[in-house]
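S.K.: The sequence isn't on hand, but the structure is:
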């Protein structure tokens with residue numbers, strides 16, 4: 001089984017790439033989805049987050065308000081690191097369990113879709129890494145269409161990640177998503193063929 005890590009910068013189209021690979025038969029584990037699941041279900045982590053960022057991150061029923069946590073946790077590198085140190089070990093553990101299930105099922109390709117792949121050290125459990133990137137103008141436009149993140153918030157969050165140049169230098173494969181959806185999917189299909197599973 002080949003384990004391919006996919007990362008990129010905000011708004012690059014990384015999830016579209018991993019979703020296409022899933023359509024082609026890969027098993028995909030989305031680290032963001034695992035993190036959300038952990039945040040919703042781990043009372044100990046919620047307690048620590050409320051201590052650090054204040055009780056306003058929870059609604060009246062005690063459920064996490066992710067948009068408020070995001071505002072606070074992505075305010076500084078230190079706040080982001082605090083959140084990551086709580087979440088990343090749990091996400092890694094769940095990812096490894098999913099990998100083992102896929103291995104036992106004789107899957108050929110397992111994808112780890114992780115925005116902070118290098119920052120969390122997830123690249124250490126992959127065989128290859130794909131970086132998906134796009135010019136700022138395309139990324140900002142995509143973010144504007146799909147979420148409520150302001151241009152300032154986009155720049156701040158983007159600045160908290162490893163630079164795209166560093167990610168590209170550490171990648172085995174790079175996809176540039178500066179065109180249409182169909183052009184992106186052609187690139188993904190070509191990569192899938194190149195993997196020779």
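M.R.: On my side now, so go ahead. Just so we're clear, the structure is a prediction, and the values are computed from it rather than from any experiment.

S.K.: State the number of residues packed around residue 4.
M.R.: 23 (other C-beta atoms under 10 Å). Heads up, the C-betas are built off the backbone N, CA and C, glycines and all.

S.K.: contacting residues around the lowest-mean-pLDDT helix or strand in the chain?
M.R.: Within the chain, judged by mean pLDDT, DSSP states H and E, the helix or strand with the poorest mean is helix 151-160; its value is a mean of 70. Defining contact as C-beta atoms under 8 Å, 6 or more residues apart in numbering, one finds that helix 151-160 is touched by 9-11, 71, 74-75, 77, 80, 139-140, 143-144, 149.

S.K.: What I need now is those written out in a markdown table, including neighbour count for each item.
M.R.: Listed next are the contacts of helix 151-160 as a markdown table, based on neighbours: other C-beta atoms under 10 Å:
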| residue | neighbour count |
| --- | --- |
| 9 | 20 |
| 10 | 22 |
| 11 | 23 |
| 71 | 14 |
| 74 | 17 |
| 75 | 14 |
| 77 | 10 |
| 80 | 18 |
| 139 | 22 |
| 140 | 18 |
| 143 | 19 |
| 144 | 14 |
| 149 | 19 |
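
S.K.: which of those lies closest to residue 90?
M.R.: Set against residue 90, the nearest of the contacts of helix 151-160 by C-beta to C-beta is residue 80 (16.2 Å).

S.K.: which SSE is that closest one in?
M.R.: Applying DSSP states H and E as the criterion places residue 80 in helix 77-104.

S.K.: Need the mean per-residue confidence for the following helix or strand past that helix.
M.R.: As assigned by DSSP H and E, the chain's next helix or strand after helix 77-104 is strand 109-113. When pLDDT is averaged along strand 109-113, the result is 98.

S.K.: which other helices and strands contact the next helix or strand after strand 109-113?
M.R.: Next along the chain after strand 109-113, taking DSSP H and E as the criterion, comes strand 128-133. Secondary-structure packing of strand 128-133 (3 or more C-beta pairs under 8 Å, 6 or more residues apart in numbering; DSSP states H and E): strand 2-8, helix 14-23, helix 164-170, strand 173-176.
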